[in-house]
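>>> The sequence isn't on hand, but the structure is:
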């Protein structure tokens, strides 16, 4: 009886899944790649341009926070980051998914590292604050606050994202 109820909800038969995807892992990887493709466009759009590097970094982080606020307004929930969610759930179970997520987070770290390097070149950051470990800490800070916003179902948790990121990268009070 449960099967017939599911069939009534969706016209896709179980066997059809494997016509489109080699496995559940393949579906996950295709989903991750499609998600990151869209996110990469948003990241590069926010980080590119003539504005000073720290303004571009702020634009990126505030844009990421706005996505969570919009989701809460339209759907009632803070969903968090697909990449972070999957990392928490699958990274110890699916080696290929873990490897792809690692590549994406490395790419994000490189993007942040580049903008921090530009900020140091503009004289807005000390050179030692423009290194990869600091860029990785910015990503960890973003993902951590998004995780807490999801946990509390409250995008206001992200209100401190920029001031604390500025403190992290500059060592100065905002």
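Arrived safely. Not measured: the values here are computed from a predicted model.
>>> Flag every buried residue along stretch 154-169.
Across stretch 154-169, burial judged by 16 or more other CB atoms under 10 Å covers 155, 157, 158, 161, 162, 165, 166, 169. Every C-beta, even on glycine, is put in place using the N, C-alpha and C of the backbone.
>>> same check, this time on stretch 110-128
Buried residues in stretch 110-128, defined by neighbour count with 16+ other CB under 10 Å: 111, 112, 113, 115, 116, 117, 118, 119, 120, 124, 125.
>>> out of everything not next to it in sequence, what's closest to the second one?
Looking back up the chat, that one is residue 112. Spatially, and ignoring its direct neighbours in sequence, residue 112 is nearest to residue 135 (4.0 Å; CB to CB, 6 or more residues apart in numbering).
>>> ok so, going back, and the buried residues of stretch 110-128, which two are furthest apart?
The largest distance within the buried residues of stretch 110-128, taken as CB to CB, falls between 111 and 124 and amounts to 17.4 Å.
>>> what's the weakest-modelled helix or strand in this structure?
helix 2-9 (a mean of 49; mean pLDDT, DSSP states H and E).
>>> who touches residue 78 in this structure?
68, 71, 72, 146, 149, 150, 152, 153, 154, 155 (CB atoms under 8 Å, 6 or more residues apart in numbering).
>>> Adding distance to residue 80, pLDDT and secondary structure, write those out as a markdown table.
Converted to a markdown table, the contacts of residue 78 look like this (distance: CB to CB, whole Å; pLDDT from 0 to 100; DSSP: H, G, I helix; E, B strand; the rest coil):
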| residue | distance to residue 80 | pLDDT | secondary structure |
| --- | --- | --- | --- |
| 68 | 8 | 95 | helix |
| 71 | 9 | 94 | helix |
| 72 | 11 | 94 | helix |
| 146 | 5 | 96 | helix |
| 149 | 7 | 96 | helix |
| 150 | 4 | 95 | helix |
| 152 | 11 | 97 | helix |
| 153 | 10 | 97 | coil |
| 154 | 12 | 97 | coil |
| 155 | 11 | 97 | helix |
